[in-house]
Structure formats: structure tokens, C-alpha cells
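**Student:** no sequence on this one, just coordinates:
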């Protein structure tokens, strides 16, 4: 088989890349070891939250991505359940308030619509919030989507546009000659191509080794609890200041005294269309171990009821973990590998993969085609690790 | 519907008479019986409406497995009223839409209870679980046994017939008597802690089992955990299969044999295996007419002795037949059956309408494997054992160290073999913990009893299923 480009990985990033390549008129192939969206992209919540993005390139890309999401269902021809109910970052302590003041200040400068609100306004937006939560930051720009539907819709549309989707195929090698990509070898066939895009998420380093390059991504495990379905009770996408604080500065955990804080537990919560609550979160490095931990589930339960006491009256029916691709310096890698001509990486989004997928796919397709990208991507380049 | 006055075998011991309300209407029942049973006795079969299509819904499994009976009880949503004991003054309401979240006191908190440590944890107090607990205790081990019901014994409690098999395994004794005897024997060991009305929710890698007990979360950590969660009843796909009045055979047994309630006037039984034949006879004993036993295969699968009892009572056993559809308003009024050709296709023109208010499904069981899947056990699809089962070795060990399978949960068989596999799993766990002194002799004895039991024609199916367990090929599900 021959392909104009080979995308490795059938998660949301790989499917977005394949879609934008196919839409540009190329005939790409997508190689996935299992099925479409069966790993990280189906083990997460559906946040398209702008408030949690680091000001700078991540936030600017997220804002651009959110604009794409607005019309993506229509563009793809499949309903991906995109909604934009707005989001709240709940603030429990004075220490967290101070951290959020700095964050909000920088977000406002980037053009985001965010505002501090007190408990009275908060209670009017989310009646189930505890009276004990003094403040929150509100943004009408936050939304959510079904990650599974989105991933599958991107793959389906890519296939309709001529992309070859090869599921159940594992990449076993990448043939490089004279510093140029020549072919991708799978356990089923050899695909001749001059371009390969590594979208393998937590497995991106494995693919990198096949080209002799070291990619500093490792799995960071996140737990999510799923409740029984109840009547609509939660209107917004919810996180708390601790979630943002840990994300922006992981060293904060070492100083913490609260035991749930030390475990890396913070709040993330949404109610799905069917009525189930998805409640997180925790961040920990545990290799490729995908077992849930009882102490973390207890910690999440305990912590989330501080904000929403009514959750004590809900049955939890399930829990799962996802392995988020964490890149050493906390931002993804999107760009070419300068040592191997024709090789690109789009991986390492950690918890921002769903929100950033459309813009990542579009950007990497533009790079493959040698077109100008919307943003200066230098700070996400792979070369930053070569210095 | 009403209560059974006299029964040839059973005497019903009832709690005190209590009043409760269902959608505002005052109803009488007996304390301790399930809310669903009390409603049935009062002639109420429609428990609620489905959320989207507003179809009437009633009881199906009566053992807490399915979600067909969810109601609101004293303001609590999503209560399985088939296993919720009735108490004076309860306010029961149909729940026709999603639960509404109740606010809670912000000053409260989740009670963090300490993890209880034990040698052996047995999940499930049916024939396999009871035997596993007794066996473990007999080796001097500390045991905790969890069961989500208020009554131990699992499905044994509804078995009014005398068991077959070897005498060591209680042949000639009625099921509910075996349950009582096992519970008494278990109570004789001081080292066993029995937690009733406690549902195990998850197994974690460090050996912790999370459980829910009367609204609170608790946890246990054992050196060995034996999962004996049993099986759940299957149903068939046909139009109208969700009408109130269509029950699993086990549910009909619960109503009649535990709570002494007439499930209706006229029944059609689907399935000619042992469960279908035995429950049909139990329906007759309770005073319910059985219009027919319908079996899709060309021959019924159960023992001849059970079929003969039905034939003597004039019940037709229609092999090569199945249900085409069921009809009724708020509950079942009748079924249309059809003959099948040798390829199991309906034969046009053979439809018959049977008026019935009970359609009883005895079409097989599926192992309750949620805990095994969740624990990450290597699972294998083996149709002879009821579907997905954990891959186990001859010592009933799963692929997860410290986790054992016993009874129907590890492969659907029947109650006598469940008793034996419960003991084998516990004996092997005891050996792995260094507590089984005379392992070889006892293991050989239990294995020979099991082999004897499986020597008959019905045992062949199990043996061929167990053969597939050993072969490495086939469809397998587990960690990648």
C-alpha cells in the first residue's frame, strides 16, 4: 500500500490529523493498534474548558479550537454533542483565590471572557453548590463534547474523504533512509510513504524509538467516578482552583497539608446528556497501570462532596482511569522532527487533548502541506528538547 | 393476586402485619417481606413506567439483579424494591422519570470507616458462598461473608424439591432446608463474620473490596477473596417482553416459595430445562394453572422425572415452539406462540394464542461476572458455562493472585456442584494461605464427588466447557 501520509494512533488527535489531511486533498492512512478511540480518548471527560488552559499558546489554541467546535457537528455530518453551557472554577480558600487572581488577570489579557463571582451569584448559577464555597470564576466560553462521538466522527469523515483507516494493526517499524521517511511497517503490511505523524499519545515514545528519537512523554493517570443518571441538576462545567493550581505548578502538591491535596485530588465535574455525573480528578504517575485505587476514589468522593453536599445522596455506579500523555514540560509537542525529514509529532496533550484536538489536527496538516500555521508553534516544537 | 393459603410443602412464617402506601394508596403487607412481594399480594403488578416510551414496568428478577422494579421509597430514589424489606409506614412511589437529586446538609461528611482485615472474604451467601465460608472456617481461618440479601442461602431458599446427587452433598434434602442447615453450621464457627444486606462493589489490586451496606460505604481487605456471586436470569427478545407479568423463573419462585404469594392465575413457561420443569410443578403446587411449557429445541433438556410429573398433571410440553409476542395493557393478558422448523425459523400458520397472566422465562442463566471483569481477571467466552467466565485453574484460582471463583459465578452449573466448588475454592485458598493440613485427601474427595455429579448426560456439557477453559485458543477477554 502507498499513502501520502501515515498517521499513527486512532485517538482523537490522530483522527483529527487524518481528517484535516484528507480534507486538504491528501490520501492519508491511519494506523491503530486497537480500535478508534479505545484508549485515552474514551477514558476522560468531555471538557472543552478554556479556563483551565495556561495563558499563552495553550489558551490561544484552545480558543481557536473552541471556535472550530462550534460548527464541527455540521462540518462532519455527525452529532458530536457539543454544548457551551459555561464553566465555573470553584474557590474554597483564600490561598486559592490569590492564585486565581493571577490566572484571571492573564486570561483577560488574552481576550477571555472571565469574571469573579461571590457565593450568592454562584448559588443562582448552580443551586447545589455548598454555601461554604465563597467564590468562583465564571466564563461563558466553556463547553463540552462527547469525546467518543467526536473521535469516531472525525475518523468516519476522514474515511469518507479517502483516508484509509487500518484498525487492529500495530506499527512495528518505520523505515528511514538517508534521513528521510520511506515507509511504515505494520504487523500486516508495509505502507510506502514520505510522511509519518506520530499521534500515539502515551505510546508516542515507543514510535519515536523506532526512528531513534527520545520523546519525553509518559502516562499520567486520572481517575473518574460515574454516578447513576439523575434529572438535570448541574448546569455548568465545573472545576476548582486547585485543579488549575496543580496543573500549572505541580510542585504545589509537596507543600500541601490537606491529605486529598497531597494525593493530587482536585475537582472536575460535569453531568452528561444522559444524566450521569462524571467526577474527577486525580493526577499521578503510575506507569501503564490502569487499575483504579480505592483510596483515590474515596478521596475524590470526599473532596467533591465538600463542594456539592448533595452528591452524598447519589449512587456511584462505575469508576475508570485514563492514561493522559504528560509531556515533561507540561505542554504538548506539535511539529516536525528536524532530524528525520517527513516525521512529525502531535502528542503529549495530557488533559487538554479533547479541547485542543481540532486545532492540533489542523495545524499539523498545515505543517505537512508546508502551509503557514495560524500560530507560531515554536514553543510546542520537538526541537525544544534538543537544546 | 393473593396469598397462598395452603402449600403442600411450605409453611410461611410471616412478620407482623404493617401498613404502607403506594402512590398514596394504603396497602397492608408483612414486615420483612420485600416491598415488591407485598405489592404483588395486593394485586399491583405495574410498578412504574419507562422513562422514554412510558411502557409499564414490573418485577422481573426479584433478586436485585435487574433494574425493572426501581421505585422511590421514603424519598430515596432508585430503590430495588424486590430486595428492600417492608417496614411499617413506608412511602413507596412509582418512579417514572430520572431521580431528582435531594439536597444534603453541607455540614455533613462522608463517614470514613476503617478497612476490616480478614483471612478470607467470601462474596455471596448462596450454596457456593456458604460452603466456602464453612470450609474456610474449618481450617481455622478468619472469615467475612457478604451477601446483599437479608436472608442467607441465595437461590436454595426457593428450592422446595429434593436434591439429587451424592448423599454427602445433601441428596434427598429440599433446597431451603439445606440453606437452613448450612447457616446453622456456619453460625457454629465463632470466626465468621456475616454481613447481610451488603453489596460488594469493587475489587482493588491491593486486595481491598469496597462494599455498600445500608447506605454506607465499607471496605474489607483479605488475604484471599472468593467470589461466589451466582448467576442472573436471561430473557428472550420478542415484542412485549417487558410487560409486567413476565418474570424470570427465579422471580416466580421468590414470590411463591419465599413470600407465599400467588404470582397470578395462569402461567406459560418458556424453557424445558430442569428449572422450567421444576418451577412449572411448583406453580401447580401453589395453585396456579400452567397452560403450557414451551421449548424451542426438539427435545426438552430437563430430567424425565420432572417432565413426567407435569404430564401426569395434564400440562402440555410443546417442544419445537417459541413465543412470538406477548400482549396486554398494564400487565400481561396473553401470549402468541408459534411452532419452529428444524432451523428454528417460525412456521407460518402455526400461531396459537394462550390467555395467561404469567409468562415465566427459564431460558438459561448468565454468570454474574462483573467483579471478575472489574478486578481485571482474564476472561474467556465459553457457551457451555453460560458465556464469559473467569479463566480458572483446577484449584479455582483466577488469573488475579488471591482471587478465587466458586459456584455459578465461575460457570453456570447447578446448586449441588456450586456447594462442592465453594468448598474446593475455599480449600485451595486455605492451602495457599498455609492452613490446609490434609489438602490432598480432602481435595481428592471433593473432586471425586464432583466427577460423580458430572457423570450424567447434563454433566457432559460442563466437562466440555471446562475443556475449553484449558485450551489457549478461542475468544478471550482481558488485559491487553
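**Tutor:** Alright, I've got the coordinates. Every value quoted in this text rests on a predicted model; they were computed, and no experiment measured them.

**Student:** Residue B:269: which element?
**Tutor:** Assigned by DSSP states H and E, residue B:269 belongs to strand B:266-270.

**Student:** need the next SSE after that strand, C-terminal direction.
**Tutor:** The helix or strand immediately downstream of strand B:266-270 is helix B:274-285, counting by DSSP H and E.

**Student:** I would like the residues contacting the helix or strand just after that following helix, please.
**Tutor:** Downstream of helix B:274-285, the first helix or strand assigned by DSSP H and E is strand B:289-295. If you take C-beta atoms under 8 Å, 6 or more residues apart in numbering or on different chains as the criterion, strand B:289-295 is touched by B:265-272, B:276-277, B:280, B:283-284, B:300-301, B:310, B:313, B:315-323, B:337, B:354-356. C-beta coordinates here come from the backbone N, C-alpha and C atoms, glycine included.

**Student:** just how off-centre is the strand holding residue B:269 within its chain?
**Tutor:** Mean C-alpha position of strand B:266-270 versus that of the full chain (C-alpha atoms, centre = their mean, to the nearest Å) differs by 20 Å.

**Student:** which of the contacts of strand B:289-295 are buried?
**Tutor:** Buried subset of those (neighbour count, 16 or more other C-beta atoms under 10 Å in any protein chain shown): B:266-272, B:276-277, B:280, B:283-284, B:300-301, B:310, B:315, B:317-323, B:337, B:354, B:356.

**Student:** re earlier: list the contacts of the strand holding residue B:269.
**Tutor:** B:236, B:249, B:252, B:276, B:279-280, B:283, B:288-295, B:322-323, B:335, B:337, B:354-363.

**Student:** low-confidence ranges in chain B?
**Tutor:** Applying pLDDT under 70 to chain B flags residues B:1, B:109-112, B:164-170, B:472-480.

**Student:** The stretch 251-387 of chain A too?
**Tutor:** For the stretch 251-387 of chain A, the stretches flagged by pLDDT under 70 are A:387.

**Student:** tell me which parts of it are close to chain B?
**Tutor:** By C-beta under 8 Å from any C-beta of the partner chain, the part of the stretch 251-387 of chain A that sits against chain B consists of A:275, A:290-294, A:297-298, A:301-302, A:305, A:309-315, A:319.

**Student:** quick one: which of these sit in helices?
**Tutor:** Among these, the members falling in helices (DSSP state H) are A:294, A:297, A:298, A:301, A:302, A:305.

**Student:** Wait, the fourth one touches residue A:319, no?
**Tutor:** This means residue A:301. No - Residue A:301 is not in contact with residue A:319 according to C-beta atoms under 8 Å; the separation is 9.9 Å.

**Student:** residues shared between the contacts of the two?
**Tutor:** Listed as contacting both residue A:301 and residue A:319 by C-beta under 8 Å, 6+ apart are residue A:225.

**Student:** Next secondary structure element downstream of the top helix by length along chain B?
**Tutor:** Ranked by number of residues, the top helix in chain B under DSSP H is helix B:415-432. Where DSSP H and E defines the elements, the next helix or strand beyond helix B:415-432 is helix B:439-453.

**Student:** Now for residue A:251, how many residues are close by?
**Tutor:** For residue A:251, the tally of surrounding residues (other C-beta atoms under 10 Å in any protein chain shown) stands at 7.

**Student:** Surely residue B:79 is within a strand?
**Tutor:** Yes - judged by DSSP: H, G, I helix; E, B strand; the rest coil, residue B:79 forms part of a strand.

**Student:** Report the beta-bridge partner residues of it.
**Tutor:** Under DSSP bridges, the beta-bridge partners of residue B:79 are residue B:71.

**Student:** Out of the ones in helices among the residues of the stretch 251-387 of chain A next to chain B, the closest to chain B would be?
**Tutor:** Using C-beta to the nearest C-beta, residue A:294 comes nearest to chain B of those, at 4.5 Å.

**Student:** Would you mind measuring from that closest one to residue A:62?
**Tutor:** 34 Å (C-beta to C-beta, to the nearest Å).

**Student:** higher neighbour count, these two?
**Tutor:** Comparing residue A:294 with residue A:62 by other C-beta under 10 Å, the one with more neighbours is residue A:62, at 25 against 22.
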